[in-house]
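Novice: here's my sequence, what's the structure:
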Amino acid sequence: KMSLFQALSDDDKIAVSERVRLHHFTRGETIFHQGDSGTSLFVIVEGAVGLWLQFKDGKAIEAIRVGVGDCFGEIELLTKEARHATAIAATDTALFEISAEILTPLLEQYPDLAEVLEQTMSVREKRIEEQIDLFQLEDIDQDAPNKHLLHKTQKILSGKKE
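Specialist: Residues are numbered from 1 along each chain as shown. Coordinates of the predicted model:
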């Protein structure tokens, strides 16, 4: 029923559904890290995910929050680059993971699917660039999201307010 897969035949939808992996994450759990290799995309079945950018100066921002029916990880899957952000479950979340092995033949067979992913990627990249411009931060640090979460956790455990 998701718009991402509307172009697929019923048989291909069934084939994809039989091969995806379902993952469950609790709120605050990291799905992947900025800098990781990206060989799959994720579709949110339940919950929400924040995509965090980590910067060399130690700052981290939630650049995008995606919810039920949205996909993420498409940029790295299409470009074969390292993950541009760290994905963290903003709520208890259920995700379908669709590997490149499953998706690549479908992209070749269904140009509409490739077009939807490219549009999603374009919008997402623009939103990320806007966030970077907004915070006037240029250099992204691969470990920043983890440092930010550690700092935040330490503050919560110590009882200090942010």
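
Novice: name the helices or strands packed onto the helix ranked longest in the chain?
Specialist: For the chain, the helix reaching the highest residue count under DSSP state H is reported as helix 111-135. Where contact means 3 or more C-beta pairs under 8 Å, 6 or more residues apart in numbering; DSSP states H and E, helix 111-135 is packed against strand 48-54, strand 60-67, strand 71-72, helix 74-79, helix 100-109. To be clear about C-beta, it is placed using only N, CA and C from the backbone, and glycine gets the same treatment.

Novice: adding mean pLDDT, distance to residue 25 and mean neighbour count, write these out as TSV.
Specialist: TSV is the format used below for the helices and strands packed on helix 111-135 (pLDDT from 0 to 100; distance: least, C-beta to C-beta, whole Å; neighbours: other C-beta atoms under 10 Å):
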stretch	mean pLDDT	distance to residue 25	mean neighbour count
strand 48-54	92	8	23
strand 60-67	88	13	19
strand 71-72	88	13	23
helix 74-79	78	18	20
helix 100-109	84	21	14
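
Novice: can I get the ones you listed in JSON lines with distance to residue 128?
Specialist: Formatted as JSON lines, the entries for these read as follows, by distance: least, C-beta to C-beta, whole Å:
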{"stretch": "strand 48-54", "distance to residue 128": "7"}
{"stretch": "strand 60-67", "distance to residue 128": "5"}
{"stretch": "strand 71-72", "distance to residue 128": "11"}
{"stretch": "helix 74-79", "distance to residue 128": "9"}
{"stretch": "helix 100-109", "distance to residue 128": "21"}
